[in-house]
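Trainee: Sequence first, then the predicted structure, then my questions.
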Amino acid sequence: MGNKETKRFNVAVLGAAGGIGQPLSLLLATSPYVQRLHVYDVVPVVNGVGVDLSHINTPVQCKGFAGDLKDAEASAKTLREALAGSDVVVIPAGVPRKPGMTRADLFNVNAGIVAGLVEGIADACPKAMVCIISNPVNATVPIAAEVLKKKGCYDPKRLFGVSTLDVVRARKFIAEKAQIDPEDLDITVIGGHSGVTILPLLSQTSPKVELSDEEIEALTSRIQNAGTEVVEAKAGGGSATLSMAYAGYRFATSVMAALSGKSGIVECAYVPSDLTDLSFFASKVELGPEGAKSIVPFKDLSKFETEKLENEVKVELAKNIKQGVEFVANL
Ligand SMILES: NC(=O)C1=CN([C@@H]2O[C@H](COP(=O)(O)OP(=O)(O)OC[C@H]3O[C@@H](n4cnc5c(N)ncnc54)[C@H](O)[C@@H]3O)[C@@H](O)[C@H]2O)C=CC1
Ligand SMILES: O=C([O-])CC(=O)C(=O)O
């Protein structure tokens, strides 16, 4: 499994004892790009998660770090220890949805969690690539940006909202329809990561998949609501964890591959962006040794996609971004 030629990096997962955190950490513990894996959470079992991972026969050095919600100062110190020296930090900390909730309903709890963790990053590893999974991503990424700005270490190239699961799902659902291998399908998903803000560009897949207007509408809606499909199927037991761990691993792997000097690495992500009049937007991003090397413009949208972008994606995203920015301003 190990490749002695591959450059390896120090990675921290925050929220590592959770439904996403554990399988994501498992995958990272087998990664040829990982040197050291620190897993942090606010539940004591995370120490055991670290010990468990440390028995896997790969060169990755794994260790658990447990914060304590009853002792904020001790927690912040443990967080800084977990983060020290990290090149990449992945954040799946926070509460997931239950049936009937939207991702926006998670804001009240998760906004503060993400702000606190990003403060720790600013103190302990301000140059790290920060990959945010915690929902609502459309708002938690602006929150992270504002916290980093306040701390004087904001580098927009190093901040990512992980929207990979939208691409993973789009690939899977379209490939099933086209009866091809999902890995052979390229699809761009733009906008954000919730409901109508998720806009898969079905008109420009590669290879081109011929779809009727009805099929485009149905597939767009399924991709937009796939998170809810899982939330309902889990019936109160949480949201997507395994497919998200896979997607998070895929994104972190691409970030590390680019850090190691590999070129031509492109992933969709929700990032600080000037592609539209919004300050954050998901699109294809070319990754490099310094993080986001370039934001890949989208073009030639169909009439259906243009209408969705203007009337739904941008309207909703603007509200989500504003909410995130105002949250930090009022801290
Ligand atoms: N970006 C995306 O595509 C997706 C995002 N999500 C989001 O990921 C988040 C996590 O989901 P799950 O793992 O299913 O939830 P979970 O409840 O199973 O795990 C969350 C973990 O975060 C920990 N945590 C809470 N506060 C913390 C803090 N201050 N510091 C460190 N850890 C803390 C909890 O102790 C728990 O272990 C949710 O907000 C969910 O909505 C879920 C699926 C896809
Ligand atoms: O739907 C949710 O709450 C979790 C999520 O972001 C997804 O599965 O895409």
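Mentor: Now that the structure is in, tell me what you want to look at. Numbering: from 1, shown residues only. Ligands and ions are numbered 1, 2, ... in the order given.
Trainee: The residue in the chain positioned nearest to ligand 1: what's it in contact with?
Mentor: Distances from the chain to ligand 1, computed as CB to the nearest ligand atom, single out residue 18 as the nearest residue at 2.0 Å. In this view, the C-beta of every residue, glycine as well, is placed from N, C-alpha and C. For residue 18, the contacting residues are 41, 92, 93, 241, taking CB atoms under 8 Å, 6 or more residues apart in numbering as the criterion.
Trainee: change it to 10 Å
Mentor: Counting by CB atoms under 10 Å, 6 or more residues apart in numbering, residue 18 makes contact with 24-25, 41, 43, 46, 49, 92-96, 238, 241.
Trainee: From the rest of the structure, what touches stretch 69-81?
Mentor: Among residues not part of stretch 69-81, those counted as contacts by CB under 10 Å, 6+ apart are 12, 14, 38, 40, 42-43, 63, 65-68, 116-117, 119-121, 123-125.
Trainee: Do it and ligand 1 come into contact?
Mentor: No. For a cut-off given as CB under 6 Å from any ligand atom, stretch 69-81 has no contacts with ligand 1; the smallest distance is 7.2 Å.
Trainee: buried residues in that stretch?
Mentor: Neighbour counts over stretch 69-81 (16 or more other CB atoms under 10 Å) mark 75, 76, 78, 79, 80 as buried.
Trainee: Repeat that for stretch 230-239.
Mentor: Within stretch 230-239, the residues scored as buried using 16+ other CB under 10 Å are 230, 231, 234, 238, 239.
Trainee: Now residue 53, what are its backbone angles?
Mentor: Listed backbone geometry of residue 53 is phi -60, psi -30, with angles given as degrees, to the nearest 10.
Trainee: quick one, what contacts it?
Mentor: Taking CB under 10 Å, 6+ apart, we find residue 53 in contact with 13, 16, 22, 25-26, 28-30, 37, 39, 60-64.
Trainee: quick one: residue 66 and residue 49, what's the gap?
Mentor: Taken as CB to CB, to the nearest Å, the spacing of residue 66 relative to residue 49 amounts to 10 Å.
Trainee: Mutual contacts of these two, please.
Mentor: Shared contacts of residue 66 and residue 49, counting by CB under 10 Å, 6+ apart, come down to 17, 39, 40, 41, 43.
Trainee: looking at this, the third one is in a helix?
Mentor: Read that as residue 40. No. Membership of residue 40 in a helix is not supported by DSSP: H, G, I helix; E, B strand; the rest coil, which gives strand.
Trainee: so what's the residue lying farthest from the centre of the chain up against?
Mentor: Centroid-distance maximum for the chain: residue 212 at 31.3 Å, with CA atoms, centre = their mean. Counting by CB under 10 Å, 6+ apart, residue 212 makes contact with residue 218.
Trainee: before we move on, what about residue 63?
Mentor: Remark: with contacts taken as CB under 10 Å, 6+ apart, residue 63 is in contact with 36-40, 46-47, 49-51, 53-54, 81-82.
Trainee: Okay, and which of the residues you listed map to strands?
Mentor: With DSSP state E as the criterion, strands contain 36, 37, 38, 39, 40 from among these.
Trainee: Number of residues surrounding the third one?
Mentor: Residues within reach of residue 38, counting by other CB atoms under 10 Å, total 24.
Trainee: And for the first one?
Mentor: When neighbours are counted by other CB under 10 Å, residue 36 registers 17.
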